[in-house]
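*Asks:* Okay, sequence plus prediction incoming.
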Amino acid sequence: MVFMRGSPYTDLTRPPLHESALRRALVVPDGLWTELRVVAETGSTNADVAAAARAHAPEGLVIIAESQSAGRGRLERRWYTPARAGLTLSVLLRPVPAVPVARLGWLPLLAGVALVEAVGRIGVVDAALKWPNDLLVRSAAESDGEAAAKGAPEGGAVSHGRAGYGKCAGVLAEAVNGGEHPAVVLGVGLNVNQRADELPDSADPSAFPATSLAVVGAVCTDRDPLLRGLLRALAGWYARWCAAGGDPDASGLRDAYRSHCVTIGQKVTVSLPGGEVVGGVASDVDADGRLLVAAAEGSRAFAAGDVRHVRRPPHSG
């Protein structure tokens, strides 16, 4: 077989997604997803979906890019992946008026829960969340080894530790004016098949290093089932949350988030936009999705900020 220059099949370890098959599986009657597009390249899927929202596109649009040149993460960080090595997608949601505007802050956390559940189940890796919605992964073997070293508590459950985790994905949510009510664009960037030498180095030694599902030895690194699992998990949680009027407790969302978030219970620092840095122990997530931190001056709630887990230096005893 001869492949033409520029063919998406030149690297068979990174095959292209098939739009028609994904549409048949995901764009179904009475489902959330109403339109699905796979594009070869774009600047930013969030920007593309936001433009569609401003043009009054209905809820349920999904755009997936095989290559993205100007992706952004939280705090305006760049997010780049080689072509067909990851999942880069954005979706259009219109939860208002079923959900009050005051509850929209839960949407990026909801996306994080859907992401961690889909990746953990399909990739068979130990997956967790760093507040608010960074996906952390490590190999299942590392998780089993940590559990054996600690010993399982009564009932058999072992809480997530921190050793061996790397950042594998992030979520970016943006509100957009377009239509009678504000829309929300949710963007997800998931590292799937990147090799270790294709991942960026972090200048911050306290940050979780970048990783991919391939690097941590995931059982599945096929982007097709990962994408289907993510969109189905997202649609399921979104339906429950909207049916509960955006209530994170009635929908079960807050309990699910707590069970996946390794930030809760950790000593952290929170860097705020104005330059203030607050240290303390992350104690919980409140009903508005804010991180509660027990600081020296008392408990504080943060809706935004750059959170760092404070780690004990190696070999410090």
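*Replies:* Structure received.
*Asks:* Just read off the phi/psi values of the residue nearest to Leu230 when sequence neighbours are not counted.
*Replies:* Excluding its sequence neighbours, the residue lying closest to Leu230 (CB to CB, 6 or more residues apart in numbering) is Ala118, at 4.4 Å. Heads up, the C-betas are built off the backbone N, CA and C, glycines and all. When read as degrees, to the nearest 10, the backbone of Ala118 gives phi -70, psi -50.
*Asks:* immediately after the lengthiest helix in the chain, which helix or strand?
*Replies:* Counting residues, the longest helix in the chain under DSSP state H turns out to be helix 223-243. Next in sequence after helix 223-243, counting helices and strands by DSSP states H and E, comes helix 253-260.
*Asks:* List the buried residues of that following helix.
*Replies:* Buried residues in helix 253-260, defined by neighbour count with 16 or more other CB atoms under 10 Å: 253-254, 256-257, 260.
*Asks:* If I look at the nearest residue in space to Leu26 that is not next to it in sequence, what pLDDT would I see?
*Replies:* Among residues not flanking Leu26 along the chain, Trp33 sits closest, at 4.9 Å (CB to CB, 6+ apart). Looking at Trp33, its pLDDT reads 98.
*Asks:* ok, Trp33 - contacts?
*Replies:* Counting by CB atoms under 8 Å, 6 or more residues apart in numbering, Trp33 touches 26-27, 60, 62, 91, 231, 235.
*Asks:* Any of those buried? List them.
*Replies:* 26, 60, 62, 91, 231, 235.
*Asks:* How about the contacts made by the residue nearest to Glu19 when sequence neighbours are not counted?
*Replies:* The spatial neighbour of Glu19 that comes closest, neighbours along the chain excluded (CB to CB, 6+ apart), is Val38 at 4.1 Å. Applying CB under 8 Å, 6+ apart to Val38 gives the contacts 16-19, 22, 64-66.
*Asks:* Now with 7 Å, please.
*Replies:* 17, 19, 22, 64, 66 (CB atoms under 7 Å, 6 or more residues apart in numbering).
*Asks:* three-state assignment of it?
*Replies:* What DSSP: H, G, I helix; E, B strand; the rest coil gives for Val38 is strand.
*Asks:* now it, which residues is it bridged with?
*Replies:* Here Val38 sits in beta bridges with Ile64, going by DSSP bridges.
*Asks:* With Thr81 as the reference, measure out to it.
*Replies:* Separation of Val38 from Thr81 (CB to CB, to the nearest Å): 15 Å.
*Asks:* Quick check: bridge partners of the closest residue to Gly120 other than its chain neighbours?
*Replies:* Distance criterion CB to CB, 6+ apart; nearest residue to Gly120, sequence neighbours excluded, is Ala127 at 3.8 Å. Assessed by DSSP bridges, Ala127 has beta-bridge partners Val137.
*Asks:* And Asp204, what's its pLDDT?
*Replies:* So, for Asp204, pLDDT stands at 74.
*Asks:* Equivalent analysis for Ser159, please.
*Replies:* Confidence at Ser159, expressed as pLDDT, is 39.
*Asks:* before we move on, what about Gly274?
*Replies:* Per-residue confidence (pLDDT) for Gly274: 89.
*Asks:* Number of residues surrounding it?
*Replies:* The number of residues packed around Gly274, counting by other CB atoms under 10 Å, is 5.
*Asks:* about what we covered before: contacting residues for the residue nearest to Gly120?
*Replies:* Going by CB under 7 Å, 6+ apart, the list of residues near Ala127 reads 116, 119-120, 135, 137.
*Asks:* Brilliant, that's me finished.
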